[in-house]
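Student: Only the shape, not the letters, is given here:
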């Protein structure tokens, strides 16, 4: 497979376009040559010694084969795949589903007519999903690395109640998969109790970096996608990034530019795909950036409170919602656009009834061309107000490209953490809320 | 109808809970008594003289009757209602649909099995919707106040191409509704050309304040909801807010607290419903706040660049995505939680297999109780880090409550604009992007 890679355009960060206040000059970037070399060396070391397993997932990853085997051998009378998980266990699968589980995709055959990913403990949201499911024809996949995530255990409890109404114990065992790592976790014990199949998640891959483990690959296979194509895209990106010999490498730049802007008070990073179907990817990315880079303490133990707030916008919709603020509000935002160059379907607009366009402007015009003209118009308008942006160009939305994007942003996040000198792989800030929730549940508060 | 109103809890803004740095004291609030009186007087004046029509929409609004009449008289062989619009013409209908167009709602009968709201010119997103539609059985409602919104005209062009394939001119006229205001707009001319019914939108109601016009009420009726219940909720809220005799009025406080925090560098306002079904409402609210309050220039003509960036989070999902950053990142965020007190359905969790909970803690536990315990745990954890929040308590998610919420936030936004001394009702910042897009389309850039 020799597929095109995504490209990264940083032109709208240049001082000639956005002015000196937030423009990033070549000289400034050139000051980070050594940072780049050190960071890449560190990352390759982590990859080689297995410290952070996400780095090597594109290569020699048995999860793809296992996913295909599980889906291929599922009982023939099943038609629904229900994926239960939250955060790192749901956002990746949702990103894949939104982009690729549709009629525009070349999919392999799968027994599953639909894949439902359910993440929240909102009882109304649960009811809307669960009431639409015939559990006698459903394969349930429960995903929690620790095996103790309270939301996932709660969803499993509510789901069990419904499964037990329609399934014998044998059937229940056959229609339940537990994806987990911790051999002492609650989930693992439940798997043994019910005789469910266990899918082992690797211990050295954190939740928000787990999309290329069974967490993402098993639901992808259930959607009829080929998990190996996602891996091939990630492998192509890994190869390109590892071959980089300068700090002008796109992946490093995608970390450096927002980092430099953060030093000047740019606290918000807007992820701005001009694509409905990349909406899930933007939310996956939002978690990756927020949890990895939002940190109180750096590696020296200094209190730093770093981390831009990532937010997800969709073009053109949010031109009619947030652009007014982006243009005129505080000067605290950096924009990352995503442009799709070739659409899997398009609609002619030669007859567009717009008073400012003559027939010759409309000849050959399509929805896709309008969409991308609006992206460029918006990026340029923001630049004219001194607001910098970069643009990813995506040759075509498919599994290979999605694999590239996942890997690119994971590596970019690792680069950013090196620049901030923080640990990208922990999340100490979420414990307090868990403890207080327990106090409420125990009636102590 | 004598329904409960939503309540507003500001306890987690008190200096005793969040400390002095971002805590808001009663004394500070008491300094705004005159601002409140002046703002309410101004708002009532606008209401009385019709300057801003959204204020009086809950009373004597013919759009509800018209919506019911249109839906009730729709040809019997139709089964799909397709709503085309963007921004102010889509976010409100989507908020209603997400919250209420489901099996949990007591709905009136409607001929329409499904309502599809399509807003974006992404050709792939359009294709996924349009390919699923049988246009011979579809009523198409095209919504643009100005009648010249390029995205909506483009969607109409692509939709026309498909309608014309299956419909005679007579049928096409019967199955097309044009919702617009401008008598000289392109849409209005198209309506005349094709013989479509025109639904008139009021001239003194801006797009993002238009949810209680036909923009929201017509699709609501198509969903089988009673538009008059939305209006009744809004009317109850209007009455309560107009009767306020002190600056401790919840609606004024909901504007004042974020305003005071913005003066201390709190640039981000997180809208944080603990409800999947309020996700659309959060996006509606995000537009309302961003477009109304994100302004470069105040009424004195001074360059101020005001406006917090509103972002939408969903609990508990975003505890596993953004909470790490909310707890440990920059101290630039204010949180508005939404808690639903009574759920339309719930699931028992007496069997929840969690090692830290004893049987007596789980007796009577439900998904809903877990959800709300997590909300309280999270708000308290944020407060313990000095990060302030407020909480709306919603008695039950229904059309009356949604009407209350819409009106409350519209009025709150008007109060906020008075505090900032800006015009809440214009959006000058979006023009530059439109002009540049035209240049791209005309081949001039």
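Tutor: Ah, there it is. Since the structure is predicted, the reported quantities are computational estimates derived from the model, not experimental observations.
Student: From now on I want contacts and neighbour counts done on CA atoms only, so please keep to that.
Tutor: Fine.
Student: where's the nearest residue to residue A:189 once chain neighbours are set aside, which helix or strand?
Tutor: Counting by Cα to Cα, 6 or more residues apart in numbering or on different chains, residue A:189 lies nearest to residue A:183, which is 7.9 Å off, once chain neighbours are set aside. Assignment of secondary structure by DSSP states H and E places residue A:183 within no helix or strand.
Student: Show me the strands in the stretch 201-350 of chain A, by range?
Tutor: In the stretch 201-350 of chain A, the segments counted as strands under DSSP state E, counting those that start in this stretch are A:268-273, A:295-297, A:303-306, A:309-312, A:333-342.
Student: For the second one, give the mean pLDDT please.
Tutor: Here strand A:295-297 scores 98 as its mean pLDDT.
Student: And for stretch A:336-352?
Tutor: On average, stretch A:336-352 scores 97.
Student: ok, and what's touching it?
Tutor: Stretch A:336-352 is touched from outside by A:104, A:269-275, A:359, A:362-368, A:372, A:375, A:389-397, B:123-124, B:127, B:153-154, B:157-158, with contacts defined as Cα atoms under 8 Å, 6 or more residues apart in numbering or on different chains.
Student: Would you mind checking those residues for buried ones?
Tutor: Using 16 or more other Cα atoms under 10 Å in any protein chain shown as the burial test, the contacts of stretch A:336-352 include A:104, A:269-275, A:362, A:365-368, A:372, A:375, A:389-397, B:123-124, B:127, B:153-154, B:157-158 as buried.
Student: Mind checking which of the residues you listed are in strands?
Tutor: The strands, defined by DSSP state E, take in A:269-273, A:389-396 from those.
Student: tell me the domain boundaries of chain A?
Tutor: Domain assignment for chain A, taken from automatic domain parsing, gives A:7-44+A:244-430, A:54-225.
Student: End to end on the last one, go ahead and measure it.
Tutor: Pointing back at domain A:54-225 there. Its start and end residues considered, domain A:54-225 measures 21 Å (Cα to Cα, to the nearest Å).
Student: Kindly report the same for stretch A:202-210.
Tutor: With Cα to Cα applied, stretch A:202-210 spans 9 Å between its terminal residues.
Student: mean confidence score for that stretch?
Tutor: 97.
Student: Buried residues in it, which are they?
Tutor: A:202, A:205-210.
Student: Could I get the buried residue list for stretch A:150-164?
Tutor: Buried-residue list, stretch A:150-164, by 16+ other Cα under 10 Å: A:150-160, A:162-163.
Student: and what of stretch A:422-433?
Tutor: A:422-425, A:427, A:429-430, A:432-433.
Student: Could you see whether chain B lies near that stretch?
Tutor: Yes. Interface with chain B: stretch A:422-433 contributes A:427-430, A:432-433 (Cα under 8 Å from any Cα of the partner chain).
Student: OK, contacts around residue A:325?
Tutor: Residue A:325 touches B:290-291, B:293-295, B:307, B:309, B:429, counting by Cα under 8 Å, 6+ apart.
Student: Would you point out the most distant pair within those?
Tutor: Distance extremes for those: the farthest pair is B:309 and B:429 at 15.1 Å, using Cα to Cα.
Student: can you tell me which residues contact residue A:395?
Tutor: A:4-6, A:340-342, A:401.
Student: How much space separates it from residue A:5?
Tutor: Distance from residue A:395 to residue A:5, by Cα to Cα: 7 Å.
Student: shared neighbours, the two?
Tutor: With Cα under 8 Å, 6+ apart, residue A:395 and residue A:5 have common neighbours residue A:401.
Student: what is the rounded mean pLDDT of the longest helix anywhere in chain A?
Tutor: The residue-count maximum for a helix in chain A (DSSP state H) belongs to helix A:399-420. The average pLDDT for helix A:399-420 rounds to 98.
Student: re the thing from before, out of the contacts of residue A:325, which touch chain A?
Tutor: Answer for the contacts of residue A:325 near chain A (Cα under 8 Å from any Cα): B:290-291, B:293-295, B:307, B:309, B:429.
Student: Reformat the ones in strands among the buried ones among the contacts of stretch A:336-352 as TSV; add pLDDT.
Tutor: TSV is the format used below for these (pLDDT from 0 to 100):
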residue	pLDDT
A:269	98
A:270	98
A:271	98
A:272	98
A:273	98
A:389	98
A:390	98
A:391	98
A:392	98
A:393	98
A:394	98
A:395	97
A:396	97
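Student: just those now: which is nearest residue A:354?
Tutor: Distance to residue A:354, by Cα to Cα, is smallest for residue A:273 among those, at 25.3 Å.
Student: Report the contact partners of that closest one.
Tutor: A:279, A:282, A:313-315, A:336-339.
Student: Going by distance to residue B:25, which of the residues you listed wins?
Tutor: Closest to residue B:25, out of all of the contacts of residue A:273 and judged by Cα to Cα, is residue A:313, at 34.8 Å.
Student: Would you agree the closest one is in contact with residue A:272?
Tutor: Yes. At 4.8 Å, residue A:313 counts as touching residue A:272 under the criterion of Cα atoms under 8 Å.
Student: intersection of neighbour lists for these two?
Tutor: residue A:282.
Student: Give me every residue in the stretch 1-150 of chain A lying close to chain B.
Tutor: So far as Cα under 8 Å from any Cα goes, the stretch 1-150 of chain A lies against chain B at A:86-88, A:102-104, A:119-125, A:127-128, A:148, A:150.
Student: Residue A:108 - how many residues pack around it?
Tutor: 11 (other Cα atoms under 10 Å in any protein chain shown).
Student: Nearest residue to it in space, please, no chain neighbours.
Tutor: Nearest to residue A:108 is residue A:224, by Cα to Cα, 6+ apart, at 4.8 Å.
Student: Verify the contact between the one you found and residue A:107 for me.
Tutor: Yes. In terms of Cα under 8 Å, residue A:224 counts as a neighbour of residue A:107; the distance is 5.2 Å.
Student: more crowded one of those two?
Tutor: Applying other Cα under 10 Å to residue A:224 and residue A:107 shows that residue A:224 carries more neighbours, namely 23 against 16.
Student: For that one, which residues are in contact?
Tutor: Contacts of residue A:224 by Cα under 8 Å, 6+ apart are A:101, A:107-110.
Student: Arrange these in JSON lines, one row each, with secondary structure and pLDDT as further columns.
Tutor: Converted to JSON lines, these look like this (DSSP: H, G, I helix; E, B strand; the rest coil; pLDDT from 0 to 100):
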{"residue": "A:101", "secondary structure": "coil", "pLDDT": "95"}
{"residue": "A:107", "secondary structure": "coil", "pLDDT": "86"}
{"residue": "A:108", "secondary structure": "coil", "pLDDT": "81"}
{"residue": "A:109", "secondary structure": "coil", "pLDDT": "81"}
{"residue": "A:110", "secondary structure": "coil", "pLDDT": "87"}
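Student: okay, the residues you listed in JSON lines with distance to residue A:169 next?
Tutor: Formatted as JSON lines, the contacts of residue A:224 follow (distance: Cα to Cα, whole Å):
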{"residue": "A:101", "distance to residue A:169": "32"}
{"residue": "A:107", "distance to residue A:169": "33"}
{"residue": "A:108", "distance to residue A:169": "31"}
{"residue": "A:109", "distance to residue A:169": "29"}
{"residue": "A:110", "distance to residue A:169": "25"}
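Student: can you pull the pLDDT of the residue nearest to residue A:108?
Tutor: 96.
Student: What sits closest to the spatially most central residue of chain A if chain neighbours are left out?
Tutor: Geometric centre of chain A, nearest residue: residue A:284, 2.8 Å, by Cα atoms, centre = their mean. Nearest non-adjacent residue to residue A:284, counting by Cα to Cα, 6+ apart: residue A:91, 5.1 Å away.
Student: For that neighbour, give its distance to residue B:317.
Tutor: 9 Å.
Student: okay, the two: which has more neighbours?
Tutor: The residue with more neighbours, out of residue A:91 and residue B:317, is residue A:91; 31 against 23, by other Cα under 10 Å.
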